[in-house]
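1. mind looking at a prediction? Sequence and model below.
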Amino acid sequence: MFLFSRLLPYLPGLGLSIAVASLGLLVERAEFILVGVHPLEALVLAILIGTAVNSGFRLSPAFNPGITLSAHFLLELAIVLLGASVSFAAIREAGPQLVAGIALVVLLSIGISFTIGRLFGLSPKLAFLIAFGNSICGNSAIAASAPVVGASAEDVAASIAFTAVLGVIAVVAMPLLSVAFHLSAVQYGVFAGMTVYAVPQVLAAAAPIGAVSLQTGTLVKLIRVLMLGPLLFLVGLARGLGGRRLSVSHVLPWFIVGFAIMAGLRSADLFGPATLSLLSSSSRMLTIVAMAGLGLCVDLRKLRQAGGRVVLAALASLLTLCGLSLGMITLIGMA
């Protein structure tokens, strides 16, 4: 009874977040039935629907606790479960030269993309979210880095909405670039793995070129994802040293520790296929509910004010990443 009374204030907002997430999943399914693909994933749809609900209706303050719980705690829990999808064995398979090249491109891309965002007049936090998402793994990196840098719901929504659109464009355009730049199957796999945002989008972009591109692209993408935890730790450390009181929880949030532990357990083969499938699906569902919660926090009028600049900054950042990736492929002499 005591536990129920503690949970009661969260139920309206949590229920609304789940309802919005469910609608996003239904629309995603409808997309697949109608056109055979998912132009917009449920994660993106949830945040767009949540934004529409919050912008079209005046929500009661009673929804706030549950929406906040969805947008923050559930998101952090999803990040922990996401660690089970990452295996450190990918580093051994790729070889040190390729791993070093990927790491260098990611770091350069973050720095250059952040600078581009600031030149377009974006706030430091929004510029960082776009740079981080563009350079590592799109929506997942944006969602994971938002609590570390203290980004607002509007910043998260803006960066996810526009990088999602660019991600869809990239899936369509990338195979054409393989022909334009005369890339081999391996080279294109590296290029797709380095530039496309989400893992499913990498699969979609690499598959048309063949199995070699698909396998190579997936491996490169996983190495990019592996950089998420260490880079978030460094960001937390930098923020802690930037005039704030340094604390362990600030520098090393609990969900990053959890992410690393789960990745370590996965690398030690302590999860069976059924467990991995359950953890992966649970992480996705929690992330979709969290994105619904974030959308329900967004004021669309503020989002519109930054829209054009966000699009231009995200596009310039993606083009920069493409250039860096092609340079890395040439530099390390991949055949």
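-> Received, thanks.
2. tell me, how many residues neighbour G56?
-> By the measure other Cβ atoms under 10 Å, the count of residues near G56 is 9. All C-beta spots, glycine's among them, are computed from the backbone N, C-alpha and C.
3. now do the same contact list for Y10.
-> Shown in contact with Y10 (Cβ atoms under 8 Å, 6 or more residues apart in numbering): 65-66, 69.
4. with pLDDT added, can I get the residues you listed in JSON lines?
-> As requested, the contacts of Y10 are exported to JSON lines (pLDDT from 0 to 100):
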{"residue": "P65", "pLDDT": "92"}
{"residue": "G66", "pLDDT": "93"}
{"residue": "L69", "pLDDT": "91"}
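5. who wins on neighbours among those residues?
-> Counting neighbours by other Cβ under 10 Å, the one among the contacts of Y10 with the most is G66, which has 23 neighbours.
6. quick one: pLDDT of the nearest residue to that one once chain neighbours are set aside?
-> The spatially closest residue to G66, leaving aside those adjacent along the chain, is G13, at 2.3 Å (Cβ to Cβ, 6 or more residues apart in numbering). The predicted local confidence for G13 comes out at a pLDDT of 93.
7. for G13, grab the count of nearby residues.
-> With neighbours defined by other Cβ under 10 Å, the count for G13 comes to 24.
8. mind telling me what element it is part of?
-> The secondary structure element spanning G13 is helix 11-35 (assigned by DSSP states H and E).
9. buried residues, that helix. List them.
-> If you call a residue buried by 16 or more other Cβ atoms under 10 Å, then helix 11-35 has these buried ones: 12-14, 16-18, 20-25, 27-28, 31.
10. stretch 272-281 too?
-> L279.
11. what mean pLDDT does it get?
-> Over the span of stretch 272-281, the pLDDT mean works out to 90.
12. likewise stretch 154-172?
-> Stretch 154-172 shows an average pLDDT of 73 in the prediction.
13. could you export it as PDB, CA atoms only?
-> Only the C-alpha atoms of stretch 154-172 are listed here, as PDB (Å, rounded to 0.1, in the frame of the first residue of the first chain):
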ATOM      1  CA  GLU A 154      13.800  21.000 -26.500                       C
ATOM      2  CA  ASP A 155      17.400  20.500 -27.400                       C
ATOM      3  CA  VAL A 156      17.000  16.700 -27.400                       C
ATOM      4  CA  ALA A 157      13.900  16.900 -29.600                       C
ATOM      5  CA  ALA A 158      15.500  19.200 -32.100                       C
ATOM      6  CA  SER A 159      18.600  17.200 -32.500                       C
ATOM      7  CA  ILE A 160      16.800  13.900 -32.700                       C
ATOM      8  CA  ALA A 161      14.100  15.100 -35.100                       C
ATOM      9  CA  PHE A 162      16.500  16.500 -37.700                       C
ATOM     10  CA  THR A 163      19.300  13.900 -37.500                       C
ATOM     11  CA  ALA A 164      16.500  11.300 -38.000                       C
ATOM     12  CA  VAL A 165      15.500  13.000 -41.200                       C
ATOM     13  CA  LEU A 166      19.100  13.100 -42.400                       C
ATOM     14  CA  GLY A 167      19.500   9.500 -41.400                       C
ATOM     15  CA  VAL A 168      16.700   8.400 -43.700                       C
ATOM     16  CA  ILE A 169      18.200  10.500 -46.500                       C
ATOM     17  CA  ALA A 170      21.600   8.900 -45.900                       C
ATOM     18  CA  VAL A 171      20.200   5.400 -46.200                       C
ATOM     19  CA  VAL A 172      18.900   6.200 -49.700                       C
END
